[in-house]
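Enquirer: no letters, just coordinates:
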């Protein structure tokens with residue numbers, strides 16, 4: 001029996017041509033890549049929780065069929081039949097954002113220095129604000145959308161420049177936008193100003209962390225956003241990400257960390273690991289310490 005099985009396998013393999021094998025490998029690779037990109041897109045977003053819910057519904061239907069639970073099977077079967085419509089309704093913003101990113105990636109093809117230019121503008125603004133001891137929070141949006149998390153923000157949709165960032169935070173009776181955070185969207189444009197961020201839920205924060213730092217930490221607890229904070233009292237620059245804060249950073253360290261944390265996201269784990277190693281010695285983690293050479297994935 002074993003010999004006949006081996007002969008059958010050899011006969012089946014012998015019928016496969018080189019072209020058939022190559023097409024199959026390419027087909028599987030494309031499916032793997034598409035699934036990987038979908039998971040990467042929804043990582044850190046509320047859509048990930050919805051995907052888990054859909055998987056549980058599918059598992060429940062399978063169990064109900066096996067146990068011959070007629071009513072439950074009928075109910076879940078109707079839910080699954082309308083699953084495509086449910087997915088489109090629930091994930092409409094995520095689908096729109098994903099399609100926009102695909103189009104944006106094609107449009108920006110051949111412009112690898114865009115992120116570096118954005119980082120230079122942010123670092124320059126942070127240094128100027130720190131010298132003047134002007135408080136500020138600059139948030140870079142990651143995969144997770146921030147529009148639903150910020151309260152009473154003013155939409156700008158303006159081109160990102162150092163001069164604009166500095167002017168938005170200058171405290172003045174006539175400047176209504178200086179109080180709050182500035183949100184830089186995925187398009188790397190200034191999307192919101194005067195954004196009120198959720199405060200950190202951590203109970204072990206020291207007295208040196210005021211409302212500004214707590215707000216910057218809070219937005220990184222629920223999303224993969226990165227926040228640059230300028231202290232009004234001390235004139236120091238801090239960087240918040242993954243519920244951790246790196247304090248009193250110089251321009252070079254801040255720039256290298258931002259390049260790793262806000263890059264093209266094609267290899268986000270490697271980028272985040274490089275950024276964590278860059279500022280590891282300055283990080284005061286609110287949970288598991290992030291040390292030099294350790295990936296941020298290990299600190300979650």
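Expert: Structure received. Computed from a prediction, not measured in an experiment: that's the story for all the values here. Residues are numbered from 1 along each chain as shown.
Enquirer: residue 145 in helix, strand or coil?
Expert: coil (DSSP: H, G, I helix; E, B strand; the rest coil).
Enquirer: so how far is residue 116 from it?
Expert: Per Cβ to Cβ, to the nearest Å, residue 145 is found 24 Å from residue 116. Quick note: C-beta positions are derived from backbone N, CA and C, even for glycine.
Enquirer: which of those two has more neighbours?
Expert: Ranked by neighbour count (other Cβ atoms under 10 Å), residue 145 and residue 116 place residue 145 first, with 19 against 13.
Enquirer: pLDDT score assigned to the more buried one?
Expert: According to the prediction, residue 145 has pLDDT 80.
Enquirer: quick check: phi and psi at it.
Expert: Backbone geometry at residue 145, expressed as degrees, to the nearest 10, gives phi -70, psi 140.
Enquirer: equivalent analysis for residue 228, please.
Expert: The phi/psi pair for residue 228 (degrees, to the nearest 10) is phi -100, psi 130.
Enquirer: same thing with residue 156?
Expert: phi -120, psi -50.
Enquirer: touching, it and residue 190? I think so.
Expert: Yes: contact criterion Cβ atoms under 8 Å: residue 156 and residue 190 qualify, at 5.1 Å.
Enquirer: of those two, which one has the most company?
Expert: Ranked by neighbour count (other Cβ under 10 Å), residue 156 and residue 190 place residue 190 first, with 21 against 17.
Enquirer: so the residue lying closest to the more buried one once chain neighbours are set aside is in which element?
Expert: Excluding the flanking residues, the one nearest residue 190 by Cβ to Cβ, 6 or more residues apart in numbering is residue 158, at 4.6 Å. Using DSSP states H and E, residue 158 maps to strand 154-159.
Enquirer: helices or strands next to that strand in the packing?
Expert: On a contact count with 3 or more Cβ pairs under 8 Å, 6 or more residues apart in numbering; DSSP states H and E, strand 154-159 meets strand 189-195.
Enquirer: show me what counts as buried in whatever helix or strand comes next after the strand it packs on.
Expert: Counting by DSSP H and E, the next helix or strand C-terminal to strand 189-195 is helix 211-222. Neighbour-count burial for helix 211-222, counted by 16 or more other Cβ atoms under 10 Å, picks out 212, 213, 214, 215, 216, 217, 218, 219, 220, 221.
Enquirer: and what of stretch 180-195?
Expert: Buried residues in stretch 180-195 (16+ other Cβ under 10 Å): 180-186, 188, 190-195.
Enquirer: that one spans what distance, first to last residue?
Expert: With Cα to Cα, to the nearest Å applied, stretch 180-195 spans 5 Å between its terminal residues.
Enquirer: and what of stretch 196-208?
Expert: 20 Å.
Enquirer: pretty sure residue 191 contacts residue 185?
Expert: Yes: the pair residue 191 and residue 185 qualifies as a contact (Cβ under 8 Å) at a distance of 4.0 Å.
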